[in-house]
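Q: Provide a 3D model corresponding to the input given below.
(one chain, ligands or ions: 1)
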Amino acid sequence: MVTKPKVQALDVEKIRQDFPIFQRTVRGKRLVYLDSAATSHKPKSVIDAEREFYERFNANVHRGAYLIAEEATAAYEAAREKVAKFVNAPCKECIVFTRGTTEAINLVAYSWGWANLKEGDEILLTEMEHHSNIVPWQLIAERTGAKIKVVPITDDGLLDIDAFDRLLTERVKIVAVTHVSNVLGTINPVQEICCKAHEVGAVVLVDGAQAAPHLPVDVQAIGCDFYALSGHKMCGPTGSGALYGRKELLEAMPPFLGGGEMIRTVTFERTTFNDVPYKFEAGTPAIAQAIGLGAAVDYLTKIGMERIRAHEIELVAYALERLQEVDDITIYGAALPEQRGGVIAFNIGDIHPHDLATFLDAHGICIRAGHHCAQPLMRRLNVAATARASFYLYNTPDEVDALVEALHQAVKFFGR
Ligand code: 7TS
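A: Residues are numbered from 1 along each chain as shown. Okay, the predicted model is just below:
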């Protein structure tokens, strides 16, 4: 018999009251949301911050000579400062606002990659990357003649560090690695990876989409050159995200998108560019979203990332144990909750994950099914798709129970 954690790390019932969406029901049942790896819910403070911007000081940033435009600019820049502090960046100019992780990685691939990669160079990725940390590199490899090499995973879902050591030669110019896998949940040793990569003169981009929402992130302690994150997965608005980059690197990189705001002077003959980070923020940015992301950072910081992490370890430990009760279940990834973030991917016999997700939906339970934008990893796991439950600060052990109970019923329903 598995003992149910009392959830001491966080006062989840209180936290749930901050999220208006939990007041609704779905299909006559209470909403059990286990898909925060796709996108998280938003607390009222984030929704209010966006609303307040539109209601009180909606104006474009960095250009208005009037009060509400100054207020908009101040709020936008304050949000940048909050994000910088959240990941312990050494300065706020190291933070470029983007629409999310995908855009942040594309920025690095097109700007840094275009300027620095050439034939004979290698880009080192891992077998557990999300498509958004694969495809931009393929596109840039095609244009520059650089080659992609891939670090495999071990059978227990960890990065194969011996293989990494073998593949990390002086030909490697950039290592692009996820901090936490969106399928296996594996937390990668990004600090060790950065240290080793720097010894051969390579830079490192860390995809923090599944890490920044769930664990304390310190880009200086990690030692990475770039760190990408998505606001919408960490209680912030959709269309918000950020790229951290070492200032010297950002300063040396050519612009990614051209347009207003990123320039200093323009003539038809020649354009000079603005300082970082503005050089990388062409056009009117997603102002309300950035301000909302700032509010999300305030919200998470107030609760404490250490406590959020402790809560998720408790919850994942409980879920990993309870899920074993389900007949014919295969759980992917590392066995120890300490080795993984808040996601658990699984399959049950030959029930199609989409059928499982549809069955669970009838019980008000939201999970994701599919390849999770990680088709190379699916191939490695020898499956076409998996089901995936993912947890966040507002989830409870009771919701794990609801999931397990519904899975037992699914097994009966599908006749196994
Ligand atoms: N990297 C990882 C590791 C991710 O999990 C995701 C999104 C991205 C990058 C892209 O983030 P975006 O905000 O730019 O879209 N992952 C998922 C997921 O697992 N289910 O839906 C989206």
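
Q: residue numbers of the chain in contact with the ligand?
A: Residues of the chain lying close to the ligand by Cβ under 6 Å from any ligand atom are 37-38, 100-102, 130, 132-133, 178, 182, 207, 209-210, 230, 368, 372-373. Bear in mind the C-beta positions are built from the backbone N, C-alpha and C, glycine included.

Q: list only buried entries from these.
A: 37-38, 100-102, 130, 132-133, 178, 182, 207, 209-210, 230, 368, 372-373 (16 or more other Cβ atoms under 10 Å).

Q: the residues you listed in strands, which ones?
A: Among those, the ones falling in strands (DSSP state E) are Thr178, Asp207, Ser230, Arg368.

Q: pLDDT score assigned to the first one?
A: The pLDDT attached to Thr178 in the predicted structure is 98.

Q: where's it relative to Glu127, distance?
A: Distance, Thr178 to Glu127, using Cβ to Cβ, to the nearest Å: 10 Å.

Q: kindly report the same for the third one.
A: Between Ser230 and Glu127 the distance, using Cβ to Cβ, works out to 22 Å.

Q: for the nearest residue to Lys196 once chain neighbours are set aside, which residues are in contact?
A: Closest residue to Lys196 apart from its sequence neighbours, by Cβ to Cβ, 6 or more residues apart in numbering: Leu168 at 5.9 Å. Residues counted as contacts of Leu168 (Cβ atoms under 8 Å, 6 or more residues apart in numbering) are Leu124, Val175, Lys196, Ala197, Val200, Ala202.

Q: and the buried ones among the residues you listed, selectable in PyMOL?
A: Buried residues within those, by 16+ other Cβ under 10 Å, are selected in PyMOL with:
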select buried, resi 124+175+196+197+202
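
Q: coming back round to it: which of the residues of the chain next to the ligand fall within helices?
A: The members of those that map onto helices under DSSP state H are Thr101, Thr102.

Q: my guess is Thr330 meets Phe346, correct?
A: Yes - Thr330 lies in contact with Phe346 (Cβ atoms under 8 Å); the separation is 6.2 Å.

Q: from the ones in strands among the buried ones among the residues of the chain next to the ligand, pick the one nearest the ligand.
A: Ser230 (3.3 Å; Cβ to the nearest ligand atom).

Q: of the contacts of Leu168, which belong to helices?
A: Counted as lying in helices by DSSP H, out of the contacts of Leu168, are Lys196, Ala197.

Q: for the contacts of Leu168, which one is nearest the ligand?
A: Val175 (15.2 Å).

Q: pLDDT below threshold where in the stretch 1-150 of the chain?
A: 1-2, 6-7 (pLDDT under 70).

Q: that one: helices as residue ranges?
A: For the stretch 1-150 of the chain, applying DSSP state H, counting those that start in this stretch gives helices covering 12-17, 44-56, 67-86, 101-107, 114-116, 135-144.

Q: compare these and give me the one nearest Arg24.
A: Among the helices of the stretch 1-150 of the chain, the nearest to Arg24 by Cβ to Cβ is helix 12-17 (12.3 Å).

Q: list the contacts of the closest one.
A: Residues from elsewhere that reach helix 12-17 (Cβ under 8 Å, 6+ apart): Phe22, Ile303, His311, Leu393, Tyr394, Asn395, Thr396.

Q: isn't the first one right up against Thr396?
A: No - look at Phe22 against Thr396 with Cβ under 8 Å: they stay out of range, at 10.7 Å.
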